[in-house]
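*Asks:* What follows is a predicted protein model with its sequence.
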Protein chains: 2
Amino acid sequence: MPTREHPSNLSNRRSRRPTAAERREEILSEGLRCFAARGFNGTTTRRIAESVGITEAALYRYFRSKESLYSAIVARKIETPLLFDRAEDAARRRDDTAVFTALASGVLKGGTADPEFLRLLFFTALESHELAAPLFASHVDPLREFVTDYVRMRIAEGAFRPIDPLLGARAFLGMIRDYLNVRIVHGESEAYPQSLDEVVATFVDLFLTGVRADPR
Amino acid sequence: MPTREHPSNLSNRRSRRPTAAERREEILSEGLRCFAARGFNGTTTRRIAESVGITEAALYRYFRSKESLYSAIVARKIETPLLFDRAEDAARRRDDTAVFTALASGVLKGGTADPEFLRLLFFTALESHELAAPLFASHVDPLREFVTDYVRMRIAEGAFRPIDPLLGARAFLGMIRDYLNVRIVHGESEAYPQSLDEVVATFVDLFLTGVRADPR
DNA sequence: TTTTCTATTTAGTAAATACTTACTAATCTG
DNA sequence: CAGATTAGTAAGTATTTACTAAATAGAAAA
């Protein structure tokens, strides 16, 4: 049996051993893949180590427990800022269509581009991990608050009908998130004939027609 | 240590040993509780047996494997028919408000009354159990198809605007299901000031105002 | 080269887990 | 009641799992 790390590993480029920082990244990234696929309880440290290409013992030099690795992965997601600059710009201009299009588009495209995040979010919530609350506080609540505030403001300005702003926000975000959930959690198996832009346009149109005080 | 099954168990009523059928039910019901709380991988056969009040060996007389117990629990949910008679009645009368109110109310009240089902649904999908597809086919797809068909019909009749019927259905169901998910999966911790009826009324109003060809 | 330091592996351990075997207590039937 | 059957338990087994101590390979510095 040849040595595991064959010197001419992939062409004849020298296969340098990764630095500690690089290795840590590899572990975080593979860990995310595994945990997102099977959850905390469904993932073994052995499996993570294998998919990184190291032994469990090596993994434990970087993280002192499975739990702390999981926390590091979730914590990094928590730190990743949730941006909605374009929606904020549009909000200042009172461009309702642009506001909700930017939000819907951001959530849908972000979610389909990074399905692992969504699955991790669900597993973390379902498995009642202690970082579930911070994760929601950083990536779910701000969006709802932004939409709620915007709806409240537009009602005050007479542009939207006087509904409960929180329920309005939940309605709009619900359409988008549920669409995403069905696609990501239920798997890509089903057919999704529409492009994401069509989906966004339809949801925004439906919602705005529904809330506007003066329907055209 | 006294014998486990103390003769005067709960007052002095004779505590009969449950029949096999009764015991099976107990196991299914406790199994559901455990699996819904912690998922398949997070639940041990020992824990299930303990919460039934028997040993693991006894459990294995009823189900030949943990997997087959899980399947029996999910299969029973699959067999439970999904009813929406009231919505169908209302659909025949073309009473849009009644149709969507019945659907929203049914989903929301069913979901809050039986949160275990929702959690089991999510765990089954996330953990990629083989019965996930049948479960969705029996309890998710029919609802979507019903709404899609109704929206298509109302568009053809000129009552609704010409949107994509499937997206219309997803939008409406999305509002409702996401509201439920946040409440059930994220936990009851958050405050939900509105009664379910208020929530239903707002969502139905928003949606119908959004899709109607002739907004009042 | 030799030394030093770190990354990694080999080879474990103790506890947990799904499942089983050998036996016993409870209930039913004639 | 005797005999048969069913429901249950105590005490395992084999394997997996999270985690660790000690030896070793790899790179950089002296």
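*Replies:* Nice, thanks for sending it over.

*Asks:* Okay, strands next: where are they in chain A?
*Replies:* For chain A, applying DSSP state E gives no strands.

*Asks:* which residues touch the most centrally placed residue in it?
*Replies:* Nearest residue to the geometric centre of chain A (C-alpha atoms, centre = their mean): A:Phe117, 4.0 Å. Residues in contact with A:Phe117 (C-beta atoms under 8 Å, 6 or more residues apart in numbering or on different chains) are A:Ala36, A:Lys77, A:Gly110, A:Gly111. C-beta here means a position set from N, CA and C on the backbone, and glycine is covered the same way.

*Asks:* Among those residues, which pair sits farthest apart?
*Replies:* A:Ala36 and A:Gly110 (14.9 Å; C-beta to C-beta).

*Asks:* Who has more neighbours out of these two?
*Replies:* A:Ala36 (22 against 15; other C-beta atoms under 10 Å in any protein chain shown).

*Asks:* residue contacts, the more buried one?
*Replies:* Contacts for A:Ala36 (C-beta under 8 Å, 6+ apart) come out as A:Pro115, A:Glu116, A:Phe117, A:Arg119, A:Leu120, A:Phe123.

*Asks:* so who does A:Arg154 touch?
*Replies:* Counting by C-beta under 8 Å, 6+ apart, A:Arg154 touches A:Arg94, A:Asp96, A:Phe160, A:Val211.

*Asks:* quick one: the closest residue to A:Val99 other than its chain neighbours from chain B, how far?
*Replies:* By the measure of C-beta to C-beta, 6 or more residues apart in numbering or on different chains, the closest residue to A:Val99 outside its immediate chain neighbours is A:Ala90, 4.3 Å from it. A:Ala90 sits 20 Å away from chain B, going by C-beta to the nearest C-beta, to the nearest Å.

*Asks:* Now do A:Ala90: how many residues are near it, please.
*Replies:* Neighbours of A:Ala90 using other C-beta under 10 Å come to 20.

*Asks:* roughly how far apart are it and DNA strand C?
*Replies:* 47 Å (C-beta to the nearest atom of the strand, to the nearest Å).

*Asks:* Please apply the same query to A:Pro81.
*Replies:* 29 Å.

*Asks:* cool, A:Phe207 as well?
*Replies:* 45 Å.

*Asks:* Also A:Tyr70?
*Replies:* Following C-beta to the nearest atom of the strand, the distance that separates A:Tyr70 from DNA strand C is 17 Å.

*Asks:* Is A:Ala72 in contact with A:Leu32, as I believe?
*Replies:* No: applying C-beta atoms under 8 Å as the test, A:Ala72 and A:Leu32 come out as separate, 9.9 Å apart.

*Asks:* Show me which of these two is the more surrounded one.
*Replies:* A:Leu32 (23 against 16).

*Asks:* That one contacts A:Ala75, doesn't it?
*Replies:* No: the pair A:Leu32 / A:Ala75 is not scored as a contact, 11.8 Å apart, by C-beta under 8 Å.

*Asks:* list the contacts for A:Arg170?
*Replies:* Taking C-beta under 8 Å, 6+ apart, we find A:Arg170 in contact with A:Arg144, B:Met175, B:Asp178, B:Tyr179, B:Val182.

*Asks:* wait, doesn't the second one sit right on A:Leu167?
*Replies:* No: in this structure, B:Met175 sits apart from A:Leu167 without contact. The criterion is C-beta under 8 Å, and the distance is 9.1 Å.

*Asks:* any shared contact partners between those two?
*Replies:* Joint contacts of B:Met175 and A:Leu167 (C-beta under 8 Å, 6+ apart) are B:Phe203.

*Asks:* more crowded one of the two?
*Replies:* Of the pair B:Met175 and A:Leu167, B:Met175 is the one with more neighbours under other C-beta under 10 Å, namely 29 against 23.

*Asks:* any idea how far that one lies from B:Ala58?
*Replies:* Noted for B:Met175: a distance of 46 Å to B:Ala58, by C-beta to C-beta, to the nearest Å.

*Asks:* A:Gly31: what's it in contact with?
*Replies:* Contacts of A:Gly31 by C-beta under 8 Å, 6+ apart are A:Ile48, A:Leu69, A:Tyr70, A:Ile73.

*Asks:* per-domain residue ranges of chain A.
*Replies:* A:20-77, A:80-211 (automatic domain parsing).
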